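Enquirer: Below is the sequence, then the predicted model.
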Amino acid sequence: MGASLAESSVSSSASIDKPQQADLDRCVHCGLCLNACPTYRELGIEMDSPRGRIYQMVQIASGAPITDSYREHIDLCLACRGCESACPSGVQYGRLVEAARAEIEAETPRGWLARTVRNFVFRKLLPSPALLTAAGAGLYIYQATGLQKLVRALGLLRLMGPLGEREALAPAAQIPFFFRQIGKTFPAEGEKRYRVALMAGCIANVSFARLNEATVRVLQKNGCEVVIPAGQTCCGALHVHAGIRDEARKLARRNIDAVLDGGFDAIITNAAGCGSTLKEYDELLEHDPQYADRAVKFKSLMKDVTEFLAAIDLNRNMAPVNATVTYQDSCHLAHGQKIRKAPRQLLTAIPGLKFREMPLSDICCGSAGIYNVLHTDLSMQILEKKMANVELAKPEIIATANPGCMIQLEVGVRKWGKGEKVMHVVELLDEAYSAASR
Ligand code: SF4
Ligand code: SF4
């Protein structure tokens, strides 16, 4: 990609990276979305509801200045898109809030420290396997050498205030990291039916290495030759949620170039949050003449792993998993990608598994990317309600379809649970297949 194109994309981004009037006009302010909104359910404040946030976006689009109050209300949104599912007028709220954040990002002066930290995390750390490996190794040493236990036992975290509280939200680092599998091809078991690419994520290579391996095995069991394409990078979901769309576009172009021409029947992710953004590369790059068509093709191949497996002739050679399981809808699967049946279909295909729905399974658990780190108190309030609903189903296992939700639900189990295990749908399938092969 030539530098001139990158520059022209960036220079035109100010006009496209803000809520578009046609999208705003769809909202008729009926309020039917309010009850689906976790922040409104918790706070009861109109300005922290979807309708209230859209109202504020309309004011800004009409020329009102961006104020601290506007920033806070938009910032407090989980971007869970529960309101989108509830809206009878087809308001694309996810698109609106992402654009609002991009506009805020462009107009918010930040101090040197905040700018440096944001630049490092979003532009250096997340796209870099080398830096993520180094950070993951540090995390692993902290967690595995007993240092974490010592720090916790001595109560040092309490002395660190809010930062100490956030330490409990850090996922475990899993060695060996999945980065070593990037560039490799894994053969199909039995007859090869599909050739698929797996998007391995960014942090997932460190903290969900075993989930990625389980995903490869389950796909192999289902006749897939699985390629982990070299050159792939972070999907850009965290960037989009933070309003850093120029960097998200760079990552999207890199991923498209790394994967699109590999002759794949499908491009697969096991992370609903990533999948939602990967399926919206066409929106992200719609004004990029060189990549717009390629992004549409990329989107047409992009599948969540549960969506892919539920659509093919599933290998039924599974041993029983004798456990009661409930399912927490990942927002970016249920609301972002409109996929609700596929994970349930896969869970109920596992012999021995007793599936039990919990109430309000499609209300956000409070994870929402890095929301639980940025807004820990509200996130924990939302999680406590979620765990109360989990308990009504009395499950032994809480299944979900997104690593971010798994981290949050594990915190929920530690704080309010009854010792439930948290698993990805694919991990349950993997267990059933592995037991059948033994
Ligand atoms: S977003 Fe939809 S449901 Fe909510 S107020 Fe607007 S039109 Fe009504
Ligand atoms: S995205 Fe979620 S938190 Fe944000 S307004 Fe919609 S329902 Fe509420």
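Expert: Great, that's in hand. Ligands and ions are numbered 1, 2, ... in the order given.

Enquirer: quick one: the one residue in the stretch 201-350 of the chain that gets nearest to ligand 1 from Gly94, how far?
Expert: As assessed by Cβ to the nearest ligand atom, ligand 1 sits closest to His335 within the stretch 201-350 of the chain, at 12.7 Å. Quick note: C-beta positions are derived from backbone N, CA and C, even for glycine. Counting by Cβ to Cβ, to the nearest Å, the gap from His335 to Gly94 is 8 Å.

Enquirer: so what's in contact with those two at the same time?
Expert: Common neighbours of His335 and Gly94 (criterion: Cβ atoms under 8 Å, 6 or more residues apart in numbering): Arg81, Glu84.

Enquirer: The two: which has the busier surroundings?
Expert: His335 (26 against 23; other Cβ atoms under 10 Å).

Enquirer: give the contact list for the one residue sitting closest to the centre of the chain.
Expert: With distances taken as Cα atoms, centre = their mean, the residue of the chain nearest its centroid is Gly273 (2.0 Å). Gly273 sits next to Ala237, Ser330, His332, Gly369, Asn402, Pro403, Gly404 when contact means Cβ under 8 Å, 6+ apart.

Enquirer: Who wins on neighbours among those?
Expert: With neighbours taken as other Cβ under 10 Å, the top of the contacts of Gly273 is Ser330, carrying 33 neighbours.

Enquirer: Isn't that residue up against Ala272?
Expert: Yes - between Ser330 and Ala272 there is a contact under Cβ atoms under 8 Å: 3.9 Å.

Enquirer: what's the overlap in contacts for those two?
Expert: The contact sets of Ser330 and Ala272 overlap at Ala401, Asn402, Cys405 (Cβ under 8 Å, 6+ apart).

Enquirer: Turn these into TSV, including pLDDT, secondary structure and distance to ligand 2.
Expert: Listed next are those as TSV, based on pLDDT from 0 to 100; DSSP: H, G, I helix; E, B strand; the rest coil; distance: Cβ to the nearest ligand atom, whole Å:
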residue	pLDDT	secondary structure	distance to ligand 2
Ala401	97	coil	18
Asn402	96	coil	15
Cys405	95	helix	14
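
Enquirer: which residue packs closest to the residue of the stretch 201-350 of the chain closest to ligand 1, ignoring adjacent ones?
Expert: Nearest non-adjacent residue to His335, counting by Cβ to Cβ, 6 or more residues apart in numbering: Arg81, 3.8 Å away.

Enquirer: What values do phi and psi take at Ala197?
Expert: Backbone dihedrals for Ala197, given as degrees, to the nearest 10, come out at phi -110, psi 140.

Enquirer: Pipe the contacts of Gly273 into JSON lines and attach secondary structure and distance to Leu125 per row.
Expert: Shown next, in JSON lines, are the contacts of Gly273 (DSSP: H, G, I helix; E, B strand; the rest coil; distance: Cβ to Cβ, whole Å):
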{"residue": "Ala237", "secondary structure": "helix", "distance to Leu125": "15"}
{"residue": "Ser330", "secondary structure": "coil", "distance to Leu125": "24"}
{"residue": "His332", "secondary structure": "helix", "distance to Leu125": "22"}
{"residue": "Gly369", "secondary structure": "coil", "distance to Leu125": "15"}
{"residue": "Asn402", "secondary structure": "coil", "distance to Leu125": "21"}
{"residue": "Pro403", "secondary structure": "helix", "distance to Leu125": "17"}
{"residue": "Gly404", "secondary structure": "helix", "distance to Leu125": "17"}
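
Enquirer: Which one of those residues is nearest to Ala342?
Expert: Distance to Ala342 across the contacts of Gly273 (Cβ to Cβ) is lowest for Ser330, with 11.6 Å.

Enquirer: I figured the residue nearest to His335 hits His332, correct?
Expert: Yes - counting by Cβ under 8 Å, His332 is a contact partner of Arg81 at 7.3 Å.

Enquirer: would you say the residue nearest to the centre of the chain is within a helix?
Expert: Yes - per DSSP: H, G, I helix; E, B strand; the rest coil, Gly273 lies within a helix segment.

Enquirer: roughly how far apart are the nearest residue to it once chain neighbours are set aside and ligand 2?
Expert: With sequence-adjacent residues excluded and distances taken as Cβ to Cβ, 6+ apart, Gly273 is closest to His332, at 4.7 Å. His332 is 11 Å from ligand 2, where distance means Cβ to the nearest ligand atom, to the nearest Å.

Enquirer: Show the contacting residues for His332.
Expert: His332 makes contact with Cys80, Arg81, Ala272, Gly273, Gly275, Ser276, Asn402, according to Cβ under 8 Å, 6+ apart.

Enquirer: Now for the residues you listed: which two are most distant?
Expert: Greatest spatial distance in the contacts of His332: Cys80 and Gly275, 14.7 Å, computed using Cβ to Cβ.

Enquirer: if we can go back for a sec, nearest to Arg118 among the contacts of His332?
Expert: Nearest to Arg118 out of the contacts of His332 is Gly273 (Cβ to Cβ; 19.3 Å).
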